[in-house]
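1. Give the three-dimensional model of this entry:
(one chain, ligands or ions: 1)
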Amino acid sequence: ERTYADGPFHFPAFSTPATPPEEVSSNIPIAASGSQTQSVKQEETRVRNDNPRTTAAGFDPEALERGAKALREINNSSQAKKVFELMKKQEETRQVELAAEKAKFQALQAQHETDRQRVIYDEQKKLVQQQAQTKAQMARYEDELARKRMQAEHESQRARNQELVKMQEESSIRQEQIRRATEEQIQAHKRQTEREKAEIERETIRVKAIAEAEGRAHEAKLAEEVNRRMLIEKANAEREKWVTAINTTFEHIGGGLRAILTDQNKLVVAVGGVTALAAGIYTTREGARVVWGYVDRILGQPSLIRESSRGKYPWSGFFSRAMSSLWSKGNKTTTNGNGLGDVVLHHSLQKRVEQLAKATANTKAHQAPFRNMLFYGPPGTGKTMAARELARKSGLDYALMTGGDVAPLGSQAVTKIHQLFDWAKKSNKGLLLFIDEADAFLCERNKTYMSEAQRSALNALLFRTGDQSKDIVLALATNRPGDLDSAVADRIDEVLEFPLPGDEERFKLLKLYLNKYIEKAGEKKPGLLSLFKPRPRKIEIKGITDDVLREAAAKTEDFSGREIAKLMASVQAAVYGSKDCELNANLFREVVDYKVAEHQQRRMLSGASGDA
Ligand SMILES: Nc1ncnc2c1ncn2[C@@H]1O[C@H](COP(=O)(O)OP(=O)(O)OP(=O)(O)O)[C@@H](O)[C@H]1O
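-> Residues are numbered from 1 along each chain as shown. Coordinates of the predicted model:
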């Protein structure tokens with residue numbers, strides 16, 4: 001295919017005759033004779049060449065020859081001029097056609113050029129797009145790099161800040177330690193000064209006391225001499241009086257014996273009387289023992305019970321109960337303001353115990369079977385106290401026994417368990433039987449170290465508690481609930497966990513025992529006997545605010561209720577040990593710190609023995 005770019009365009013008219021000569025001849029109105037026309041036709045037929053020869057340059061001489069021949073013929077013709085005109089017109093027409101064709105080719109060339117320009121434009125556009133894309137990618141990459149750089153800088157800044165904060169914290173801790181150390185030194189110095197002052201005072205008192213004692217001893221010595229002499233005279237007179245009396249008595253007895261021995265009737269009566277008296281005494285004593293044993297068995301409290309609201313006998317405790325109810329009318333401060341007396345428990349646990357107490361009371365009222373309970377948790381967290389309060393609130397009697405008491409009973413254990421349940425059934429109100437340290441008695445039956453008697457006792461208990469009871473609520477307390485026999489666990493309806501007291505509970509406990517052991521230390525206790533006991537000294541309390549107690553509560557983390565009660569007992573002892581019987585914040589803190597250190601030591605030891 002030829003294009004403008006390939007070089008000059010060759011019109012096909014120049015290589016081939018535009019109009020075949022025969023056409024030219026047919027178009028000419030030839031007026032020549034028929035012979036001439038015939039000859040022309042013959043000539044045409046002769047010169048016609050369907051495959052005209054061409055030179056290498058594409059020139060066909062035959063056409064030219066034919067043209068010349070035609071021209072000659074035209075010249076000879078009469079219509080030559082017209083023919084020539086016609087040919088000229090034909091030639092012009094052809095020229096116009098060629099010009100149109102040229103214009104067409106030029107239009108094609110222009111179109112081609114436009115296409116080429118479009119392709120170039122598209123290429124350039126693509127290039128520009130690619131460049132833009134590359135540029136955008138570059139920008140993105142740079143942006144990412146910048147972001148990463150910023151992030152790294154941010155990280156390092158943060159690390160620097162953290163380090164700075166850490167250093168500041170460390171420095172403030174150091175400062176705090178220095179401050180504490182200085183405070184401690186000041187305290188120690190103060191204590192030392194106070195000790196020295198007390199020592200001097202004690203020494204002065206001692207010297208004064210020695211001088212006074214010496215004076216008194218001298219006085220006493222003189223008085224003693226006088227007394228001694230008076231006593232000797234009195235003793236001599238007494239001795240003489242007794243000697244005379246004994247002599248007179250023996251004279252009478254001797255006379256009587258002599259009369260009996262000499263008179264046979266009197267001798268028989270005397271021997272018979274003495275024998276009858278001995279027999280009477282023996283019979284009375286044994287009879288009383290048997291009767292008492294019977295009464296004890298019928299009415300008495302089983303020996304397994306350690307503590308009971310019912311007392312050992314129905315009549316016992318009547319007087320003390322009356323006294324304590326009288327006392328409690330005048331003193332309404334025995335409870336700490338909550339519904340569970342002096343038991344301080346976490347709010348949710350306390351609510352649960354109260355609900356249980358209410359439910360138990362309603363159960364009794366509706367003659368429905370009781371629900372058995374299990375209290376578990378670390379030692380000294382108030383399980384026993386809560387059980388006692390639960391029984392009190394539910395209006396039941398309660399009895400407390402310890403699991404550890406069963407094993408030493410040996411073969412008697414089974415009888416005692418039955419006795420216990422028989423006794424419990426006699427309670428009109430219903431009885432809450434609380435078994436403390438339940439795991440010691442009710443542990444898994446197939447344990448190898450369990451004795452046969454113990455196993456039988458457990459079986460007896462299982463037998464007595466097989467059905468839901470309307471008389472007895474069983475409340476078990478243990479530190480190891482996992483050790484209980486599965487049959488025992490199956491009898492439990494309610495399980496309550498008693499955890500170590502939290503911050504708030506420790507504060508309340510400290511407040512409670514401050515009130516009990518310190519504030520009320522000088523008050524008299526209920527009961528007749530206490531009327532004759534010496535009244536304890538009243539303790540002066542200074543500066544024990546709620547803040548001081550909260551500080552102590554924060555320090556005594558992990559303390560059980562029992563440990564907090566003991567801590568306050570130690571505070572009381574420290575106060576009684578001080579000379580002015582006064583409790584101040586310093587003394588309180590001193591005891592708390594000492595107790596906290598002791599607690600940690602104990603934990604370390606138990607941890608070490610646990611590891612071993
Ligand atoms: N929650 C508490 N509220 C008031 N006092 C408490 C509490 N917990 C313990 N105590 C004090 O600790 C003593 C022991 O409490 P209690 O006998 O109820 O504990 P326990 O959980 O039954 O202990 P254990 O498992 O050793 O038998 C109580 O006499 C009381 O002084």
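
2. and the top helix by length along the chain, what's its mean pLDDT?
-> Ranked by residue count, the top helix of the chain under DSSP state H comes out as helix 80-262. Across helix 80-262, pLDDT averages out at 88.

3. Can you list the helices and strands that it packs against?
-> Secondary-structure packing of helix 80-262 (3 or more CB pairs under 8 Å, 6 or more residues apart in numbering; DSSP states H and E): helix 21-27, helix 61-76, helix 264-299. No exception for glycine: its C-beta is placed from N, CA and C like everyone else's.

4. mind putting the ones you listed in JSON lines, mean neighbour count and distance to residue 214 included?
-> Formatted as JSON lines, these follow (neighbours: other CB atoms under 10 Å; distance: least, CB to CB, whole Å):
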{"stretch": "helix 21-27", "mean neighbour count": "16", "distance to residue 214": "181"}
{"stretch": "helix 61-76", "mean neighbour count": "14", "distance to residue 214": "180"}
{"stretch": "helix 264-299", "mean neighbour count": "11", "distance to residue 214": "58"}
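
5. What parts of the stretch 401-550 of the chain come near the ligand?
-> Residues of the stretch 401-550 of the chain found near the ligand (CB under 6 Å from any ligand atom) are 436, 477, 479, 498, 509.

6. Then the chain?
-> 342-345, 379-385, 436, 477, 479, 498, 509, 561-562, 565.

7. and the residues you listed, which are buried?
-> Among those, those scoring as buried are 342-345, 380-385, 436, 477, 479, 498, 509, 561, 565 (criterion: 16 or more other CB atoms under 10 Å).

8. Of the residues you listed, which belong to strands?
-> Taking DSSP state E, the ones among these that sit in strands are 436, 477.

9. What ranges in the stretch 251-400 of the chain fall below the confidence cut-off?
-> 296-301, 310-339 (pLDDT under 70).

10. Now it against the ligand: closest residue?
-> Nearest residue of the stretch 251-400 of the chain to the ligand (CB to the nearest ligand atom) works out as residue 382 at 2.8 Å.

11. Any chance of the backbone angles for that residue?
-> phi 100, psi 20 (degrees, to the nearest 10).

12. quick one: contacts for it?
-> Residue 382 makes contacts with 343-345, 498, 561, as judged by CB atoms under 8 Å, 6 or more residues apart in numbering.

13. Might you report the residue contacts of the residue of the chain found nearest the ligand?
-> Distances between the chain and the ligand by CB to the nearest ligand atom are smallest at residue 561, namely 2.2 Å. Residue 561 sits next to 344, 380-382, 501, 505, 509 when contact means CB under 8 Å, 6+ apart.

14. And it, what's its pLDDT?
-> 94.

15. Please tell me how far it sits from residue 382.
-> 5 Å (CB to CB, to the nearest Å).

16. returning to that earlier point: which of the contacts of residue 561 lies closest to residue 195?
-> residue 509 (31.9 Å; CB to CB).

17. Does that closest one touch residue 344 like I think?
-> Yes. Checked against CB atoms under 8 Å, the pair residue 509 and residue 344 is within contact range at 5.0 Å.

18. can you list residues touching both of the two?
-> Joint contacts of residue 509 and residue 344 (CB under 8 Å, 6+ apart) are 501, 561.

19. quick check: mean pLDDT across stretch 467-481?
-> Rounded mean pLDDT across stretch 467-481 is 85.

20. Tell me where the stretch 351-500 of the chain has helices.
-> Counting by DSSP state H, counting those that start in this stretch, the stretch 351-500 of the chain has these helices, from start to end: 383-394, 413-425, 452-464, 486-490.

21. Next, the buried residues of the shortest one.
-> Under the neighbour-count criterion of 16+ other CB under 10 Å, helix 486-490 has 487-488 buried.

22. helices and strands around it, which ones?
-> By 3+ CB pairs under 8 Å, 6+ apart, helix 486-490 packs against helix 452-464.
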